[in-house]
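Peer 1: Here is a sequence with its predicted model. Questions after.
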Amino acid sequence: MRLFRFSSWVLLWPITAVLFLYPINNVITRSGLVLSFLGLWMGCLYFGWSKRWLRIPFLSLPVLAIAFLAFPSRNCDIDKLRQNYVDHLRSYEGTRYVWGGENQLGVDCSGLVRTALIKASFQQGIVTANPGLVRFSLSLWWHDSTAKALGEEYRNQTKLVLKAKSINELGQNKIIPGDIAVTDSGVHVLASLGNNEWVEADPHFEKVVIVKVPAPKNPWFQEPVHIMRWTELESK
């Protein structure tokens, strides 16, 4: 029985790696990843129980993590978070388009604007010991949202800034880097990088591209849009 448990635990490692790297993120893959991490932790605890130098860290780690997340949120540097968000958006340039994707192996339009903020919030939350940012990143990761949902202020994660006939006709001085544009049709979303640049996971190009406006040949820049702002990037 112990050999069977050990074999199952060993097999769980590559399964967890596949779930972690798999670009398409949905309730099934997210749940599977959480359960896999839980299984790995329980296996480490079970097989390392006789070794005190292993048992204590594996027991302490989840307690410390839960205690950290339970602390109240602190004010964060919004400008720095916004810049980190923009930097993460830029890092995806050239990434292949995968419908439902949310990582560097493949990403779609809503996955791009979400995963960049998840990473920026989580990293800044850890570096600055701000549990509120970490909680936000985990919530954003768990609660998936389409471009249409982002344009409808899903879960109060975004708020409407203004409506425009198109990004090409939008006064760039009315927005700030990190704002997102959701088409009226609700099928596509783009993010502003500042300096008249926008980033999008474009299904036509089959990759993430950075576009300078005006872009008269790009149909997404000619559609009516709702300019939305992440509530986490709003000055408090």
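Peer 2: Ah, there it is.
Peer 1: I'd like to know which elements the helix-or-strand element of the chain with minimal mean pLDDT is packed against.
Peer 2: Using mean pLDDT, DSSP states H and E, the weakest-scoring helix or strand in the chain turns out to be helix 52-70, at a mean of 88. Counting contacts by 3 or more C-beta pairs under 8 Å, 6 or more residues apart in numbering; DSSP states H and E, helix 52-70 is packed against helix 27-47, helix 131-142. Just so you know, the C-beta spots here come from the backbone N, C-alpha and C atoms, and that holds for glycine as well.
Peer 1: how about 10 Å then?
Peer 2: helix 27-47, helix 109-127, helix 131-142 (3 or more C-beta pairs under 10 Å, 6 or more residues apart in numbering; DSSP states H and E).
Peer 1: now the first one against helix 52-70, angle please.
Peer 2: This means helix 27-47. Orientation check (axes from the mean of the first three to the mean of the last three C-alpha atoms, to 10 degrees): helix 27-47 against helix 52-70 gives 140 degrees.
Peer 1: In contact with Gly151, which residues are there?
Peer 2: 110, 145, 158, 160, 180-186, 188-189, 225-228 (C-beta atoms under 10 Å, 6 or more residues apart in numbering).
Peer 1: Emit the PyMOL select command for whichever of those are buried.
Peer 2: Only the buried entries of the contacts of Gly151 go into this PyMOL selection, using 16 or more other C-beta atoms under 10 Å:
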select buried, resi 110+145+158+180+181+182+183+188+189+225+226+227+228
